[in-house]
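Peer 1: What would the 3D arrangement of this be:
(4 chains)
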Protein chains: 2
Amino acid sequence: MANALEVVGERWSLLALREVFFGNTRFDQIAANTGASRDVLTVRLKKLVAAGVLEKRLYSDHPPRHEYLLTDAGRALHNVMLMLKEWGDAYVTEGPLPLVWKHSCGAVLEPRVMCAACGEEASRGSLTPVTAPTH
Amino acid sequence: MANALEVVGERWSLLALREVFFGNTRFDQIAANTGASRDVLTVRLKKLVAAGVLEKRLYSDHPPRHEYLLTDAGRALHNVMLMLKEWGDAYVTEGPLPLVWKHSCGAVLEPRVMCAACGEEASRGSLTPVTAPTH
DNA sequence: TACGGCGAGTTGGAAAATCCAACTCAGGAG
DNA sequence: CTCCTGAGTTGGATTTTCCAACTCGCCGTA
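Peer 2: Numbers count the residues shown, from 1 in each chain, chains lettered A, B, ... in the order given. Model (predicted):
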């Protein structure tokens, strides 16, 4: 967890990623939609690229224009963001939600965490921590 | 998401919560295990209490000693932390993992996100965003 | 050729947050 | 009486963040 937070735990990092998930892949879009100041955003994006979460791609030579795209690692963050949004919706956000996700089954998504091995829901009570032997 | 991050998105907040999940509910334990400086930790814990994520309880009158306990909102963050840990384990942490979770089915937990309505896995491809009508 | 505009930053200075070590204060333990 | 522990406070140095303004390359138009 601490390692994860070192990569995406700084202010604006996750919000910037959210924008890329929404298809807002250009610097000015990200800046406008997150509210991050441009200098901080520059630093964050650089760090996310360096960490392999985003990839900076030139999509036009003349004029030179780039966009930020998700790598596999970046795409894998979607789950984290879903759960974070879910928690915010449930315990922080008041009033109607500005956005929901619709699942292909037709329902509005209420994400749950399940165990990949058995398919059952993984609640806190059904889990036990196992520390690695310190050797 | 932005709302959620306003509550738990600051540095040390999630790590402090992790410690409480592990049963390290006292100030000094949290400080030692997270590495946060004591003054910042004081502020973070106050904020988490104010936000209703933690609760400060006196567990001994003489001498006066308190501990931080999870509220419902706090417990609900477990899912977020599971996914964050999962991501860190998969894309950031190198070498053997210091800790894994064991599910009651016997397997080491690999958390997946599923749709509560249909029970199917909710991958990015199976989801579509629906914005609230701006009216 | 000049002029405005856009994308993507950079720069400088003020304001806020963080780090760290040392200090406090209350209540036991010896 | 002195030492120790838990839970912070305090002061000062260091980093980050914020913000508005500036730059630079390139384009469209006139």
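
Peer 1: Was I right to think A:E120 contacts B:H103?
Peer 2: Yes. Taking contacts as C-beta atoms under 8 Å, A:E120 lies within contact range of B:H103: 7.5 Å. Where C-beta positions appear, they are placed from N, C-alpha and C, glycine not excepted.

Peer 1: Of those two, which one has the most company?
Peer 2: Between A:E120 and B:H103, B:H103 has the larger neighbour count (other C-beta atoms under 10 Å in any protein chain shown), namely 22 against 12.

Peer 1: Quick check: closest non-adjacent residue to that one.
Peer 2: Nearest residue to B:H103, sequence neighbours excluded (C-beta to C-beta, 6 or more residues apart in numbering or on different chains): A:C115, at 4.3 Å.

Peer 1: is the one you found in a bridge, and if so with what?
Peer 2: On the basis of DSSP bridges, A:C115 is bridged to B:P111.

Peer 1: Quick one: residues contacting it.
Peer 2: A:E121, A:A122, B:H103, B:C105, B:A107, B:L109, B:E110, B:P111, B:R112 (C-beta atoms under 8 Å, 6 or more residues apart in numbering or on different chains).

Peer 1: Which per-residue confidence value corresponds to it?
Peer 2: Listed pLDDT for A:C115 reads 98.

Peer 1: hang on, the earlier thing: intersection of neighbour lists for A:E120 and B:H103?
Peer 2: Counting by C-beta under 8 Å, 6+ apart, the residues touching both A:E120 and B:H103 are A:S126.

Peer 1: and the residue of chain A nearest DNA strand C?
Peer 2: Nearest to DNA strand C, among the residues of chain A, is A:R26, at 3.2 Å (C-beta to the nearest atom of the strand).

Peer 1: and the nearest residue in space to that residue that is not next to it in sequence, what helix or strand is that in?
Peer 2: What sits nearest to A:R26 in space, not counting adjacent residues and going by C-beta to C-beta, 6+ apart, is A:E67, at 5.6 Å. Using DSSP states H and E, A:E67 sits within strand A:65-70.

Peer 1: quick one, the helix or strand following that strand and strand A:65-70 angle?
Peer 2: Following strand A:65-70 in sequence order, the next helix or strand is helix A:72-91 (DSSP H and E). Counting by axes from the mean of the first three to the mean of the last three C-alpha atoms, to 10 degrees, helix A:72-91 lies at 70 degrees to strand A:65-70.

Peer 1: Remind me what helix A:72-91 packs against, helices and strands.
Peer 2: For helix A:72-91, the packing partners by 3 or more C-beta pairs under 8 Å, 6 or more residues apart in numbering or on different chains; DSSP states H and E come out as helix A:2-8, helix A:13-21, strand A:111-115, helix B:2-8, helix B:72-91, strand B:111-115.

Peer 1: Nearest to DNA strand D among the ones you listed would be which one?
Peer 2: DNA strand D sits nearest to helix A:13-21 of all the helices and strands packed on helix A:72-91, at 9.0 Å, using C-beta to the nearest atom of the strand.

Peer 1: can you list the residues that contact that closest one?
Peer 2: A:7-8, A:25, A:29-30, A:33-36, A:41, A:44-45, A:47-48, A:53-54, A:68-70, A:74, A:77-78, A:81, A:84, B:1-2, B:5, B:9.
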